[in-house]
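Novice: generate coordinates for the sequence data below:
(chains A, B, C and D)
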Number of protein chains: 2
Amino acid sequence: MNRLCDMEKAPLTPAQRDVYDYIKSCCGEGRPPSYREIQAHLGYKAVGTVQDHVKALIKKGWLEKSGLKKSTQSRSLTPAGITQAKARTIPVYGEIAAGTTRDNPQIELGQIPIAADWSKGDCFALRVRGNSMIEVGIYEGDFVVVDKNTSVRSGDIVVALYHGETTVKRYEKRKDGQYLVPENATLKPVKVEGPFELQGKVVGLQRKF
Amino acid sequence: MNRLCDMEKAPLTPAQRDVYDYIKSCCGEGRPPSYREIQAHLGYKAVGTVQDHVKALIKKGWLEKSGLKKSTQSRSLTPAGITQAKARTIPVYGEIAAGTTRDNPQIELGQIPIAADWSKGDCFALRVRGNSMIEVGIYEGDFVVVDKNTSVRSGDIVVALYHGETTVKRYEKRKDGQYLVPENATLKPVKVEGPFELQGKVVGLQRKF
DNA sequence: TGTAATACCATATATCTGTATGGTTGAACG
DNA sequence: CGTTCAACCATACAGATATATGGTATTACA
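Specialist: Coordinates of the predicted model:
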């Protein structure tokens, strides 16, 4: 299989790839490694060996030093191209519980990045349960990105809290009241009666296969 | 609107929240800060102040030290309980042209962020055209995230270049040959004959509403 | 009044970390 | 043959880093 991008980078030697892979994996798990951690992991007997490889990797454009100042360069090695550019991270909730009071808190499952241009406002992500929206391509397990502050109009897909349950539905304002409409032929629209809360408008979706 | 998260932990004092927020933001941008970086950022005149707050944050369960050994604890402070999402930007191609040579380069439409844990390998995003995969929730206009290096197995959703066209399909290896199978009842599987190329495996999807 | 908690400051130190310097070995190349 | 280069090893050191110790001032509380 040919390579479609990253052609500008010079190819790596096996030893260099080992070093690069380890640095990359460390960064993915939290923080960049120190030179001596790389040394230990790959079984070298000298730091200088790591220095040589890192120097080569930087020269070839595979690594960058995030440390701006010379004074704070400890653990600053990161793979080039992994940037925070125009991304922002938002919290992921497994479930939006009723009330959301101090006694009934939200559980944050993690953080996911979204493109900054998806929304300017206050957002969160919600893991979708159920198949009520499969006809618009929203599946169980997907993460919907929800904007809390955008005003909701009739026809928008929303996250609503109703009868103590959080659901993703299409919101419709009809003559005889408000409706939460599923996009699944086997389910029927629900007329909203009593208290309910619009948690926000769905502005995006992410799915991991 | 009310706050949806982080209520289960003991509440933070304003000073503690400042420290926590800074650590969290640093982790999102690449690497955890050192005590002295926290000190400088918040304008303290002593490291001990930071020590006190960090100690309190750990005790209350807001922070964790990822450094397992006592010997390597530099820059090991990370928010507890949440897997810090590393954002990674990948190029978006509108179309994957045949050949992909130096004379026929890829046109990069932009960059989008993905969670770094989606894939370790070389990735790109592709804007989906057509409705051949609507039954697995891939719609026109969606961005599929494609991993170039992951090995493709029968049954995977792939991006393939065939007859000069780039398509998203399910790849199947049958007794009588290779097939590109659409997930749309109105379309039929295509048996691959002649040259074709697997551009990569679809590992994720993003949609903007 | 005593005591505990918060929020600071000042100083000291063992260890970690990046970097510099110089050397060895073996393969590739003209 | 000499040269280059990748891939190592050994040692040294200035500055960064986490940590420990011991302060002061304020507030809250019983």
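
Novice: longest strand in chain A, please.
Specialist: strand A:196-208 (DSSP state E).

Novice: where does the residue most central in space within chain A land in three-state SS?
Specialist: With distances taken as Cα atoms, centre = their mean, the residue of chain A nearest its centroid is residue A:112 (1.9 Å). Three-state call for residue A:112 (DSSP: H, G, I helix; E, B strand; the rest coil): strand.

Novice: pLDDT value on it, please?
Specialist: On pLDDT, residue A:112 comes in at 84.

Novice: ok, residue A:120 next?
Specialist: Looking at residue A:120 specifically, the model assigns a pLDDT of 70.

Novice: for it, give its distance to DNA strand D.
Specialist: According to Cβ to the nearest atom of the strand, to the nearest Å, residue A:120 and DNA strand D sit 34 Å apart. C-beta here means a position set from N, CA and C on the backbone, and glycine is covered the same way.

Novice: assumed that residue was part of a strand.
Specialist: No - going by three-state DSSP, the assignment for residue A:120 is coil, not a strand.

Novice: neighbours around it, how many?
Specialist: 11 (other Cβ atoms under 10 Å in any protein chain shown).

Novice: what's near enough to touch the closest residue to residue A:202 other than its chain neighbours?
Specialist: Taking Cβ to Cβ, 6 or more residues apart in numbering or on different chains as the measure, residue A:202 lies nearest to residue A:157, with 4.3 Å between them; neighbours along the chain are not counted. The neighbours of residue A:157, taking Cβ atoms under 8 Å, 6 or more residues apart in numbering or on different chains as the test, are A:133, A:136, A:138, A:168, A:169, A:170, A:171, A:201, A:202, B:209.

Novice: ok, now which ones touch the last one?
Specialist: Contacts for residue B:209 were tallied using Cβ under 8 Å, 6+ apart; they are A:157, A:202, A:203, A:204, A:205.

Novice: count of neighbours near the second one?
Specialist: Yep, that's residue A:202 we're talking about. Other residues within reach of residue A:202 by the criterion other Cβ under 10 Å amount to 27.

Novice: likewise the fourth one?
Specialist: By the criterion of other Cβ under 10 Å, residue A:204 has 19 neighbours.

Novice: just list whatever residues bridge to the nearest residue in space to it that is not next to it in sequence.
Specialist: If the residues on either side of it in the chain are set aside, residue A:204 comes closest to residue A:145, at 3.8 Å by Cβ to Cβ, 6+ apart. For residue A:145, the beta-bridge assignment (DSSP bridges) gives partners residue A:125, residue A:204.

Novice: now do the contacts for residue A:88.
Specialist: Shown in contact with residue A:88 (Cβ under 8 Å, 6+ apart): A:113, A:114, A:116.

Novice: export the residues you listed to TSV and tack on neighbour count?
Specialist: TSV is the format used below for these (neighbours: other Cβ atoms under 10 Å in any protein chain shown):
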residue	neighbour count
A:113	24
A:114	27
A:116	14
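
Novice: need these in CSV (columns: distance to DNA strand D).
Specialist: Converted to CSV, these look like this (distance: Cβ to the nearest atom of the strand, whole Å):
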residue, distance to DNA strand D
A:113, 25
A:114, 30
A:116, 29
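
Novice: go through those residues and name the one nearest residue A:178.
Specialist: Distance to residue A:178 across the contacts of residue A:88 (Cβ to Cβ) is lowest for residue A:114, with 28.3 Å.

Novice: so that closest one is in contact with residue A:90, correct?
Specialist: Yes - using Cβ atoms under 8 Å, residue A:114 makes contact with residue A:90 at a distance of 5.9 Å.

Novice: follow-up on the earlier one: for the contacts of residue B:209, work out which two are farthest apart.
Specialist: The largest distance within these, taken as Cβ to Cβ, falls between A:157 and A:204 and amounts to 10.5 Å.

Novice: what residues does chain A put near DNA strand D?
Specialist: Neighbours of DNA strand D within chain A, by Cβ under 7 Å from any atom of the strand: A:13-16, A:44-49, A:52-53, A:56, A:71-72, A:74.

Novice: mind checking how far stretch A:143-150 is from the chain centre?
Specialist: From the chain centre to the centre of stretch A:143-150 is a distance of 13 Å (Cα atoms, centre = their mean, to the nearest Å).

Novice: tell me the buried residues in it?
Specialist: Neighbour-count burial for stretch A:143-150 flags A:143, A:144, A:145, A:146, A:147, A:148, A:150 (criterion: 16 or more other Cβ atoms under 10 Å in any protein chain shown).

Novice: dump the residue contacts of the third one.
Specialist: When the contact criterion is Cβ under 8 Å, 6+ apart, the partners of residue A:145 are A:90, A:114, A:118, A:119, A:123, A:124, A:125, A:202, A:203, A:204, A:205, A:206.

Novice: try it again with 10 Å
Specialist: If a contact means Cβ atoms under 10 Å, 6 or more residues apart in numbering or on different chains, then residue A:145 has A:90, A:92, A:112, A:114-115, A:118-119, A:123-126, A:200-206, B:206-209 as its contacts.

Novice: nearest spatial neighbour of residue A:94, chain-adjacent residues omitted?
Specialist: Nearest residue to residue A:94 in three dimensions, chain neighbours excluded: residue A:109, at 5.0 Å (Cβ to Cβ, 6+ apart).

Novice: which pLDDT value belongs to the residue nearest to residue A:202?
Specialist: Value for residue A:157, per-residue pLDDT: 94.

Novice: who's in contact with the nearest residue to residue A:183 once chain neighbours are set aside?
Specialist: For residue A:183, the nearest residue in space outside its immediate sequence neighbours is residue A:135; the separation is 4.0 Å by Cβ to Cβ, 6+ apart. Contacts for residue A:135 (Cβ under 10 Å, 6+ apart) come out as A:182, A:183, A:184, A:185, A:187, B:134, B:137.
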